[in-house]
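Trainee: next come a sequence and a model predicted from it.
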Amino acid sequence: MTHKIEIIDRDAEVEAEEGQTVLNALLEGGVEWMHACGGFCNCTTCRIKVEEGMNNLSDMREDEKNTIRRFKGEEKLEGPFRLSCQTTVHGDIKISEPEWY
C-alpha cells in the first residue's frame, strides 16, 4: 500500500510505502532533504513539520525524543515536529520544512 507525502512549501509530492521512513520516501522521490548524520538519529537536520496527518505517522520513540531534546530542547517535543529519519508513514500526510535550528 502506498501513501502520499505532500511537501507544501516546495510544491512537491512523493509516494511512500507503508512503514517507510519519511526521509527515505523523500529521497527516493527525488526530493533533496538535509540529513547530516545519514539518518541515524544523531542530529536534527532531517526535521519535518507535520501540517496534516500526524495520526498517520508512527509514534515517537525514545531515541527520537532524546535527540530532539538534546539538540533543540524539551519544548520541541510538544508540537508538530518530527525527525524524518525516524518517522514511518501509515497514511497520507502533509509536511513542511521548519525553520528552527
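Mentor: Yep, that arrived.

Trainee: and the contacts of stretch 8-27?
Mentor: Stretch 8-27 is contacted from outside by 1-7, 28-31, 33, 35, 39, 46, 48, 51, 57, 82, 84-90, 93-97, using C-beta atoms under 8 Å, 6 or more residues apart in numbering. Just so you know, the C-beta spots here come from the backbone N, C-alpha and C atoms, and that holds for glycine as well.

Trainee: so which bits of the top helix by length along the chain are buried?
Mentor: Across the chain, the longest stretch assigned as helix under DSSP state H is helix 62-72. Neighbour-count burial for helix 62-72 flags 64, 67-68, 71-72 (criterion: 16 or more other C-beta atoms under 10 Å).

Trainee: got it, and stretch 87-101?
Mentor: 87-90, 92-93, 95, 98.

Trainee: now for the residues you listed: which two are most distant?
Mentor: Every pair in these was compared (C-beta to C-beta); the two farthest apart turn out to be 90 and 98, at 21.4 Å.

Trainee: count of residues packed around residue 43?
Mentor: 18 (other C-beta atoms under 10 Å).

Trainee: go on, residue 37?
Mentor: Neighbours of residue 37 (other C-beta under 10 Å): 14.
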